[in-house]
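Undergrad: heads up, no residue letters with this:
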């Protein structure tokens, strides 16, 4: 995708993935990559920020002789995700007014434009 992804959108996507169930960083990155370009080095600061803001929490689980860090959404995170969904729909609808195939208004407003 050719659009810059802002931190709020990354937060919303991470929370949406976590809302589907507990998972670990690599899996979150792979899920996001289905829709947007993101690297693990971009994602881990997002996850740390979400954890600091108490929107997600972590726990470690043994996997093949080492610990794997899992992330889970909190109740506060679920509330924040709902806020993000409302904000996204508002934003999407606003942008669609420009990108929609059927123009809704004429730029300039004059008949000679």
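TA: Received the coordinates, thanks. All figures in this text were calculated on a predicted structure; none of them were measured in a lab.

Undergrad: In this structure, which helix is the longest?
TA: Counting by DSSP state H, the longest helix found in the chain is helix 75-99.

Undergrad: what sits against residue 57?
TA: 51, 71, 72, 74 (Cβ atoms under 8 Å, 6 or more residues apart in numbering). Every residue, glycine included, has its C-beta placed from N, CA and C.

Undergrad: switch the cut-off to 6 Å
TA: 72, 74 (Cβ atoms under 6 Å, 6 or more residues apart in numbering).

Undergrad: can you pull the contacts of the spatially most central residue of the chain?
TA: Here the mean C-alpha position of the chain is nearest to the C-alpha of residue 13 (Cα atoms, centre = their mean), at a distance of 2.0 Å. Neighbouring residues of residue 13 by Cβ under 6 Å, 6+ apart: residue 32.

Undergrad: That one: which element?
TA: helix 7-19 (DSSP states H and E).

Undergrad: roughly how far is that helix from the heart of the chain?
TA: Computed by Cα atoms, centre = their mean, to the nearest Å, the chain-centroid distance of helix 7-19 equals 3 Å.
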